[in-house]
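> A predicted structure for the sequence below; I have some questions about it.
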Amino acid sequence: MVEFQQKSSYGIDDLREIVGLLRGEGGCPWDREQTHSSIRADLIEETCEVLEAIDLEDSELLREELGDVLLQVVMHCQMEEETDSFTFDDVCDEVCKKLIVRHPHVFGDTVVSNTEDVLKNWDSIKKETKGQVTYTDTLTSVAKSLPALMRAQKVGKRAKRAGMDFKSAEDAMQCISYEKAELDEAIACGDKTAIEEEIGDMIFSCVNAARHLGVDAEMALRAATDKFIARFAKTEELVSIDSYDMKELSIEELDVYWDKAKAMLRD
């Protein structure tokens, strides 16, 4: 057993100490074996659970899930501290300095009139501090690990700053039709590589259209998926009421149930 003073209430320093003990001699074998790569997926999962709590507007769950994300941050910092690379304090120091530098209208004498001015300053300062010389640099700096729709929307938004964008939502929508025609041609030719490319182009065009229409593509697809699941569940329920198994029915027969399910859920 390691030496640790248990309390009725803990703070960030206690969390750092606990993680250090778990990773140290006499600590937890599992924790000691972990690396940045081995717990990479955990950070994604915990972040998604925070988003779920936000969507549910569940403050108690949000508090718990934020703690799990914080644990991941402390774990990664502890791993770096063990190699004398950087510490949790270094991380805090860097983000504090970043916030101060990027808010000159709060911590300096820069004058802004509205949120738009704030965002323009933020982008300009970010580009300068990150050494982004070209517009292309701002695009390539968008993390490839982001969900594909989110990354596409962010890349499109940054391309707009260079003037590379559709003039209107109508133009963006028209591009979807162009890409659909190219996809049809690739399908007719039976070229699998071209089909994949054209489907990607069409999805990217849909993301651009969403951006021009003020829609978050990631949220829109998430909602569409949830809607599909709800309709699927209702369809299966209706099929079961008639003593059928969905696999026993043709797609035409299932479509009849599907339409009934849509109507019921709409009402």
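Looks like it came in fine. Numbering: from 1, shown residues only.
> Can you give me the buried ones in the host helix or strand of residue 253?
Using DSSP states H and E, residue 253 falls within helix 251-266. Going by neighbour count (16 or more other C-beta atoms under 10 Å), the buried part of helix 251-266 is 254, 257, 258, 261. Yep, even glycine has a C-beta here, placed from its N, CA and C like the rest.
> what's the closest of these to residue 246?
Residue 246 has its nearest neighbour among those in residue 254, at 6.5 Å by C-beta to C-beta.
> ok, now which ones touch that closest one?
235, 239, 246 (C-beta atoms under 8 Å, 6 or more residues apart in numbering).
> Return a PyMOL selection command for the buried portion of these.
Per 16+ other C-beta under 10 Å, the buried members of the contacts of residue 254 correspond to this PyMOL selection:
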select buried, resi 235+239
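> and the contacts of residue 254 as TSV, adding secondary structure and pLDDT?
Output for the contacts of residue 254, formatted as TSV (DSSP: H, G, I helix; E, B strand; the rest coil; pLDDT from 0 to 100):
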residue	secondary structure	pLDDT
235	helix	97
239	helix	97
246	helix	96
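> need the contacts of residue 254 in JSON lines with distance to residue 48, can you?
Below are the contacts of residue 254 laid out as JSON lines (distance: C-beta to C-beta, whole Å):
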{"residue": "235", "distance to residue 48": "27"}
{"residue": "239", "distance to residue 48": "32"}
{"residue": "246", "distance to residue 48": "29"}
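> so residue 136 is in which element?
Element membership of residue 136, judged by DSSP H and E, is helix 135-140.
> in the following helix or strand past that helix, what counts as buried?
Per DSSP H and E, the first helix or strand lying C-terminal to helix 135-140 is helix 148-160. The neighbour-count check on helix 148-160 (16+ other C-beta under 10 Å) flags 149, 150, 151, 152, 153, 154, 155, 156, 158, 159 as buried.
> Could you identify the helix or strand that succeeds helix 148-160?
Next helix or strand after helix 148-160 toward the C-terminus (DSSP H and E): helix 169-189.
> What are the contacting residues of whichever helix or strand comes after that next one?
Counting by DSSP H and E, the element after helix 169-189 in chain order, helix or strand, is helix 192-212. With contact meaning C-beta under 8 Å, 6+ apart, helix 192-212 is reached by 149, 152-153, 156-157, 165-166, 168-169, 172-173, 175-176, 178-180, 182-183, 185-187, 216-217, 220.
> In stretch 101-121, which residues are buried?
The neighbour-count check on stretch 101-121 (16+ other C-beta under 10 Å) flags 102, 103, 104, 118, 121 as buried.
> how about the first one, what does it touch?
With contact taken as C-beta under 8 Å, 6+ apart, residue 102 is in contact with 121, 122, 125, 126.
> now swap in the fourth one and tell me
Listed by C-beta under 8 Å, 6+ apart, the contact partners of residue 118 are 105, 112.
> circling back: now, among the buried residues of helix 148-160, which is nearest to residue 60?
Minimum distance to residue 60 across the buried residues of helix 148-160 is 27.4 Å, recorded for residue 150 (C-beta to C-beta).
> gap between the closest residue to the closest one other than its chain neighbours and residue 51?
Closest residue to residue 150 apart from its sequence neighbours, by C-beta to C-beta, 6 or more residues apart in numbering: residue 218 at 4.7 Å. Residue 218 sits at a distance of 10 Å from residue 51 (criterion: C-beta to C-beta, to the nearest Å).
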